[in-house]
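K.L.:
coords below, sequence missing:
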């Protein structure tokens, strides 16, 4: 018999030693599931070619848009539509699951010093 | 300012009055997030054209394969690869989030009486 193993979100998150640095934990077709710890402010950016799904595992995430904001608590999700500028913010540490196509950069097309290497597995 | 709203998994699950009947709660590009309550045995089936992601929100899911099985607890996920025959089983009620391309049937290509209408939103 083959041994199959589930992926435990809390275990994966506990291995992340850097904030704002998403790491791949699983793949589904051409999409990736990424675990990330965040706290504080990010930069304005968008992903012109894809929607981006956020699932909050712990804490309370705010995503600012140019015309409003959404609050996402643990046990909730939100999908940012493609091409919509957004800026994640977490007053206290938030643990997140991101789902997006392979190759999606954390800063989208904005670039800059907050851009992290892509496609790194945890 | 525009008002944006997160999607709360527990709230959505509480509106499901039928077991084994996935309902769409969100979309990301051509993919759908589906909430489902299950208990007991399902049928053997596969999805020849796509992987299928399972995220367990509550309870303990077992997915049987022809050569083994995987246990998935709350806070864990597993991706069943395309074309791999599988049979979900839940001794006690399990609350699940499924992620798969729009148009994916719950029974794959197996058909039969357990097949539910697809693309119904909750």
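P.N.:
Now that the structure is in, tell me what you want to look at. Everything numeric here is computed off the predicted structure, so don't read it as measured data.

K.L.:
What residues sit buried inside stretch A:79-88?
P.N.:
A:79-80, A:86, A:88 (16 or more other CB atoms under 10 Å in any protein chain shown). C-betas here are computed from N, CA, C, even on glycine.

K.L.:
So which residues make contact with it?
P.N.:
Around stretch A:79-88, the neighbours that count as contacts under CB atoms under 8 Å, 6 or more residues apart in numbering or on different chains are A:38, A:41-54, A:61-66, B:26-29.

K.L.:
ok, back up a step: and which of the buried residues of stretch A:79-88 is nearest residue A:15?
P.N.:
residue A:88 (21.0 Å; CB to CB).

K.L.:
wait, is the closest one part of a helix?
P.N.:
No: assigned with DSSP: H, G, I helix; E, B strand; the rest coil, residue A:88 falls outside any helix and is strand.

K.L.:
That one pairs with what?
P.N.:
Residue A:88 forms beta bridges with residue A:63, as assigned by DSSP bridges.

K.L.:
related to what we said a few turns ago, the contacts of stretch A:79-88, buried ones only, as a ChimeraX selection?
P.N.:
To isolate the buried subset of the contacts of stretch A:79-88 in ChimeraX, counting by 16+ other CB under 10 Å, use the following:
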select /A:38,42,43,45,46,47,50,51,52,53,54,61,63,64,65 /B:26,28,29
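
K.L.:
List the strands paired with the helix or strand of chain A with the lowest mean pLDDT, with their directions.
P.N.:
Using mean pLDDT, DSSP states H and E, strand A:2-3 stands out as the lowest-scoring helix or strand of chain A, at a mean of 86. Its sheet considered, strand A:2-3 pairs with strand B:68-73 (parallel) by DSSP bridges.

K.L.:
which residues are contacting the strand it pairs with?
P.N.:
Under CB under 8 Å, 6+ apart, the answer for strand B:68-73 is A:1-6, A:8, B:54, B:56, B:59-63, B:78.

K.L.:
Same question for stretch A:55-65.
P.N.:
Contacts for stretch A:55-65 (CB under 8 Å, 6+ apart): A:9-10, A:13, A:38, A:54, A:69-78, A:80, A:84-99, B:2, B:4, B:55, B:75.

K.L.:
how about a cut-off of 7 Å?
P.N.:
For stretch A:55-65, the surrounding residues in contact (CB atoms under 7 Å, 6 or more residues apart in numbering or on different chains) are A:9, A:13, A:54, A:69-74, A:76-78, A:80, A:84-90, A:92-97, B:4.

K.L.:
Check stretch A:109-120 too.
P.N.:
Here stretch A:109-120 has contacts from A:20-24, A:42-46, A:48, A:102-103, A:105-107, using CB under 7 Å, 6+ apart.

K.L.:
try 10 Å this time
P.N.:
Stretch A:109-120 has contacts (CB atoms under 10 Å, 6 or more residues apart in numbering or on different chains) with A:18, A:20-24, A:32, A:34, A:36, A:41-49, A:85, A:102-108.

K.L.:
Is the residue most central in space within chain A part of a helix or strand, or is it coil?
P.N.:
Geometric centre of chain A, nearest residue: residue A:98, 3.6 Å, by CA atoms, centre = their mean. At residue A:98 the chain is in strand, as set by three-state DSSP.

K.L.:
Excluding chain neighbours, what is closest to it?
P.N.:
Spatially, and ignoring its direct neighbours in sequence, residue A:98 is nearest to residue A:34 (4.3 Å; CB to CB, 6 or more residues apart in numbering or on different chains).

K.L.:
so how far is residue A:97 from residue A:16?
P.N.:
Distance of residue A:16 to residue A:97, given as CB to CB, to the nearest Å: 12 Å.
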